[in-house]
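J.: attaching a predicted model along with its sequence, questions to come.
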Amino acid sequence: MEESKYNKRLKRYLRFPLYMLIIFLIGCIVVSFVDTKIAGIMTSFVFLYGIICYIYYRANLKSFKNTIVDYAVHYGTVQKELIKNFRLPYVLLDSTGKIIWMNEEFTDLVDKSKTYNKSITGIFSEITREGIDHAKDDNFDLHIEYNDRKYLACLQRLDMREPLSGGNIPVEMEESQDGMVAIILFDETDIQATKAKINDQSMVMALLYVDNYDEVFDQVENAKRSMLLALLDRKINKYFGEANAIVRRLEKDKYLIVFQHKYLQQFEEDKFSLVEDITTLKMGNDKEITISIGVGLGSDNYTQKAQYAHVAIDLALARGGCQVVVKNGQNVSYYGTHGKEVERTTRVKARVKAQALRELMETRERIIVMGHNLSDADCLGASVGVYCAGREIGKPVNIVIDTITSSMRPVVESFTEREEYPDDMFITSEQALNLCNDNTLIMVVDTNRPSYVECPGLLAKNKNIVVIDHHRQVEETIENPILSYIEPYASSASEMIAEVLQYFADKININPTEADCIYAGILIDTNNFMTKTGVRTFEAAAFLRRNGAEVTRVRKMLRENMETYKARAEIVRNARVYRDAFAIAECEPDGNLESPTVVGAQAANELLNIVGIKASFVLTKFMDKIFISSRSIDEIDVQRIMARLGGGGHVNIAGAQIQNRTLEEVREDLEVTIDKMLEEGEIRL
């Protein structure tokens, strides 16, 4: 069939001069209407041309065919020999992946005879039937290993429905509409080794900050201060000196470190043990010295690496310090001590943030404040604090709340039922979107994750965003806020707002109802001042107490009904102890329980009162999501566990929201995560 196709093409090509006679004759007929004499002469020449072409065609047709066939055979033979002796391994497969032909180089590589007619997967396990099927649709490359060598396998489809140009390779194969797949192997072992060597020798930049330099060294005697500083320098230089690193002090509490990339794995394997070793330094200091390290890599540009290092150290400090953050391009990894966050007693940062916040609020017409969805006492307390600040400078403030839970209803009603507060003090997301314009300031409190906020549409509509939060930052963060105040060591967002209010004006006006609300936020997040409380927590509480906060009123305001109390007791009763240290309970509420997530958080706190329980987890099904409330006392960093499940929070208080999963599936995921982190040493019993 293919031969007849070529014969037809050849005959059409050779007969073309004869076909031109028809055009010439038509031309003669046209000329005859003008001048018959000239037309007659032209016709004579055309017939003479036709006779000559016919004689030449008949005499040389066989010679033409033989010449073309000889060339094709010679060209095909040359091509066959070139492929046969090709210096690269070359193999042809049928549509099922069986080998039907291979050249000499491929034969020597795999040590098989040319009659080998089995699946290519038996030689290269990486080349599967699925890959071959994919190659029939679209050519693609695959990296494989064979005999300790690395190869790039290029899979190409050969369509056998069309003839191969330049002659066919005589290969025995069955009729197949799918054609064949050709594979060429390129040995890239040396290239990969060279790339790895270049990557190992590339420079990594790191910044090391002493988190609490002033707090530690101010309490050390002058005679011992230089000795403590020398010990600190010696420990840092010794640790990084093993990697032939360059260590230079930029300021009294800041270091620049440069080392080769090949040593990064060594540091990661020991989880940057320097962070914990530094805490053992003692020279008359009561407080432990803690450090944070930001590592930047993932770019060929040293300026970009330095920028990554700055981003990493900022992220480490925003997460509470005393840890290491490695930023490799867009990927971020965390290392460091377990369950430690550095409390700062200085209020300088709070004063600076308060002044910056006032300047921003004064330049805007309206302030819209929102927290996370299903607002709790801390979220509402921080929002009311922002309302007080806005009222101080005469700016309208709206608080976005879509769902008012039963536990928060008494708090909200304490404002809505009083005439001195405007009707639009609390608004819905829809109302907020209608009020928002370019001259509106959006304030986000008690969360720094865009997916958790009450109204995500506000973040997309307006870029004038301020974030005030006390949770550790994770990879998902609100991008490019004009002001960010994130302090993971703080007990609550209400505590942070209370500090800001003290510096917002010389004497800010806060009435008892507002002070009660902010105080309630601190009270709930600290579990009645039993967890995550520091000096500044009590100072903030004292400030609110001076402004009229009454503990008795707050306690009455936060009381719960009998159904809620019974539901919490039932969760605790059905809790299961996992690994002799983790209490895991599930809450699948009925319609009578209005705020199941609050009940779950309360149950998680209750479970910590059981002897032997180091961390508690309560899984609550609500609004087509699984909410996880996790708590610990001091030994387990629950934030790390929740981060693995897509959540976040604090060392001792954290949570997560998971969609499209059942309670049983989330519980299994949690147990697998705990097992894996125990095995990796991320958490310790």
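T.: Cool, the structure landed.

J.: hmm, who's touching whatever helix or strand T194 lives in?
T.: Element membership for T194, per DSSP states H and E: helix 189-201. If you take C-beta atoms under 8 Å, 6 or more residues apart in numbering as the criterion, helix 189-201 is touched by R149, K150, Y151, Q260, H261, K262. The C-beta positions use only the backbone N, C-alpha and C, and glycine is treated the same way.

J.: which SSE is immediately downstream of the strand or helix carrying K37?
T.: With elements taken from DSSP H and E, the one containing K37 is helix 36-84. Downstream of helix 36-84, the first helix or strand assigned by DSSP H and E is strand 90-93.

J.: pLDDT on that next one, on average?
T.: Averaged across strand 90-93, pLDDT comes to 84.

J.: mind listing what it pairs with, with the direction of each?
T.: Paired strands of strand 90-93, with direction, are strand 99-102 (antiparallel), strand 180-187 (antiparallel) (DSSP bridges).

J.: so for K566, which of the ones you listed sits nearest?
T.: strand 180-187 (67.3 Å; C-beta to C-beta).

J.: identify all contacting residues around the closest one.
T.: So strand 180-187 is contacted by 88-95, 97, 100, 106, 109, 120, 127, 132, 135-136, 149-158, 160, 173 (C-beta under 8 Å, 6+ apart).

J.: dump stretch 217-233 to CSV, restricted to CA.
T.: Extracted C-alpha coordinates of stretch 217-233, given in CSV (Å, rounded to 0.1, in the frame of the first residue of the first chain):
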residue,chain,number,x,y,z
PHE,A,217,22.5,41.2,80.8
ASP,A,218,20.9,43.9,82.9
GLN,A,219,20.6,41.5,85.8
VAL,A,220,24.2,40.4,85.6
GLU,A,221,27.0,42.1,87.5
ASN,A,222,29.4,44.2,85.4
ALA,A,223,32.3,41.9,86.3
LYS,A,224,30.5,38.9,85.0
ARG,A,225,28.8,40.5,82.0
SER,A,226,31.8,40.3,79.7
MET,A,227,32.4,36.7,80.7
LEU,A,228,28.8,35.8,79.9
LEU,A,229,29.1,37.6,76.6
ALA,A,230,32.4,35.7,75.8
LEU,A,231,30.7,32.4,76.6
LEU,A,232,27.9,33.3,74.3
ASP,A,233,30.2,34.2,71.5
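
J.: follow-up on the earlier one: just the buried residues of the contacts of strand 180-187.
T.: 89-95, 97, 106, 109, 120, 127, 132, 135-136, 150-151, 153-155, 157, 160 (16 or more other C-beta atoms under 10 Å).

J.: from the chain's centroid, how far away is the helix or strand E413 falls within?
T.: If you go by DSSP H and E, E413 is part of helix 409-416. Here the centre of helix 409-416 is set off from its chain's centre by 39 Å, with C-alpha atoms, centre = their mean, to the nearest Å.

J.: now do the domain split for this protein, please.
T.: 2-83, 86-194, 202-336, 348-557, 564-680 (automatic domain parsing).

J.: among the ones you listed, show the one with the smallest mean pLDDT.
T.: The weakest mean pLDDT among these belongs to domain 2-83, with a mean of 70.

J.: contacts for the helix holding E413 next, please.
T.: 377, 380, 384, 401, 404, 421, 425-426, 513, 516-517, 520, 557-558.

J.: now, those that are in strands?
T.: Residues of the contacts of helix 409-416 located in strands (DSSP state E): F426.

J.: TSV for the contacts of helix 409-416, including neighbour count?
T.: Shown next, in TSV, are the contacts of helix 409-416 (neighbours: other C-beta atoms under 10 Å):
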residue	neighbour count
A377	27
L380	29
V384	29
I401	25
I404	18
Y421	16
M425	18
F426	21
T513	18
D516	26
C517	29
A520	28
M557	20
L558	16
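
J.: from the contacts of helix 409-416, pick the one nearest S113.
T.: Looking across the contacts of helix 409-416 and measuring by C-beta to C-beta, the closest to S113 is I401, at 77.6 Å.

J.: for that closest one, give me its contacts.
T.: Counted by C-beta under 8 Å, 6+ apart, I401 has contacts M370, S375, L380, V412, F426, I427, T428, E454.

J.: coming back round to it: just the ones in helices from the contacts of helix 409-416, please.
T.: A377, L380, V384, T513, D516, C517, A520, M557 (DSSP state H).

J.: show me what the helix or strand just after the helix holding T194 is packed up against.
T.: Toward the C-terminus, helix 189-201 is succeeded by strand 203-210 as the next helix or strand (DSSP H and E). Packed against strand 203-210 by the contact rule (3 or more C-beta pairs under 8 Å, 6 or more residues apart in numbering; DSSP states H and E) you find strand 254-260, strand 291-297, helix 302-318.

J.: deepest in the core, which of those is it.
T.: strand 291-297 (a mean of 26; mean count of other C-beta atoms under 10 Å).

J.: show residues contacting that strand.
T.: So strand 291-297 is contacted by 202, 204-211, 257, 261, 264, 272, 274-275, 278, 304-317, 321-329, 336 (C-beta under 8 Å, 6+ apart).

J.: ok, now stretch 550-563?
T.: 377, 406-407, 410-411, 414, 512, 516, 519-520, 523-524, 592-593.

J.: ok, stretch 575-590 next?
T.: Taking C-beta under 8 Å, 6+ apart as the rule, stretch 575-590 contacts 567, 571-572, 574, 596, 599-600, 603, 607-608, 610, 612-622, 636, 663, 667, 670-671, 674-675, 678, 685.

J.: contacting residues for the closest residue to I127 other than its chain neighbours?
T.: Of all residues not flanking I127 in the chain, I120 sits nearest, at 5.2 Å (C-beta to C-beta, 6 or more residues apart in numbering). Counting by C-beta under 8 Å, 6+ apart, I120 touches V91, L93, G97, K98, I99, I127, I132, I183.

J.: ok, so of those residues, who is nearest A541?
T.: I127 (67.5 Å).

J.: quick one: the strands in the stretch 551-685 of the chain, in order.
T.: Using DSSP state E, counting those that start in this stretch, the strands of the stretch 551-685 of the chain run over residues 576-578, 582-587, 615-622, 625-632, 648-649, 653-659.

J.: and of those, who's closest to F240?
T.: That would be strand 648-649 among these, by C-beta to C-beta, at 30.1 Å.

J.: within its sheet, name the partner strands of that closest one and how each one runs.
T.: strand 653-659 (antiparallel).

J.: next, the angle strand 615-622 makes with the strand it pairs with.
T.: 30 degrees (axes from the mean of the first three to the mean of the last three C-alpha atoms, to 10 degrees).

J.: got the buried residues for strand 653-659?
T.: For strand 653-659, using 16+ other C-beta under 10 Å, the buried residues are I653, A654, G655, A656, Q657, I658.

J.: go on, stretch 228-237?
T.: Neighbour count says stretch 228-237 has L228, L229, L231, L232, K235, I236 buried, by 16+ other C-beta under 10 Å.

J.: in helices only, show me the residues you listed.
T.: L228, L229, L231, L232, K235, I236.

J.: could I get these as a markdown table with distance to G534?
T.: Listed next are those as a markdown table, based on distance: C-beta to C-beta, whole Å:
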| residue | distance to G534 |
| --- | --- |
| L228 | 24 |
| L229 | 26 |
| L231 | 27 |
| L232 | 24 |
| K235 | 27 |
| I236 | 27 |
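
J.: now for those: which two are most distant?
T.: Within those, two members stand farthest from each other by C-beta to C-beta: L228 and I236, at 12.8 Å.

J.: span of stretch 241-256 from start to end?
T.: Stretch 241-256 has an end-to-end distance of 13 Å (criterion: C-alpha to C-alpha, to the nearest Å).
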